[in-house]
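>>> Sequence first, then the predicted structure, then my questions.
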Amino acid sequence: MAELLPARGGVMRKWYVPLTVAGIGGLGVFLFSESGRRTLRWIGHYIRWNSEGFLEWNEAADAELKKIQETLSAIAETLQPRTELGR
C-alpha cells in the first residue's frame with residue numbers, strides 16, 4: 001500500500017514555483033490595470049484619512065500583546081522545576 005502513495009509532498013513540490021509565479025504575475029497584472037490603480041488610490045486615501053483609527057488599534061494591540069506576554073511569563077514561572085521539597 002505504501003508503494004501506491006507518492007512521496008510526502010513530492011507531487012505538490014513541482015507546482016510551487018509555477019503557482020508562485022502565476023500568483024505574483026496575476027497580482028502584477030491587477031495592480032497595473034485601471035481597476036488596480038483605482039483600488040490602490042482608494043486604499044491610500046482610506047489610510048490617510050483614517051490613520052487615527054489605525055493608531056488606536058495599534059495601541060490596543062500593543063496593550064493586548066503585553067497582557068499575553070505577562071500571562072505567558074506567569075505560566076512559564078509556574079512550569080519551572082522546583083528544587084525544594086514541599087513546593
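Cool, got the structure.
>>> tell me, what residue is most central in this protein?
residue 61 (14.7 Å; Cα atoms, centre = their mean).
>>> any idea which element it lies in?
helix 51-79 (DSSP states H and E).
>>> how far is that helix from where the chain is centred?
In terms of Cα atoms, centre = their mean, to the nearest Å, the centre of helix 51-79 is found 17 Å from the chain centre.
>>> Give me the mean pLDDT for that helix.
Helix 51-79 carries an average pLDDT of 90.
>>> From residue 50, how far out is the residue nearest to the centre of the chain?
16 Å (Cβ to Cβ, to the nearest Å). Using the backbone N, CA and C atoms, a C-beta is placed for each residue, glycine as well.
>>> need the contact list for the residue nearest to the centre of the chain.
The contact partners of residue 61, taken as Cβ atoms under 8 Å, 6 or more residues apart in numbering, number zero.
>>> Return the distance of it relative to residue 53.
12 Å.
>>> Residue 20 too?
Taking Cβ to Cβ, one finds residue 20 at 34 Å from residue 53.
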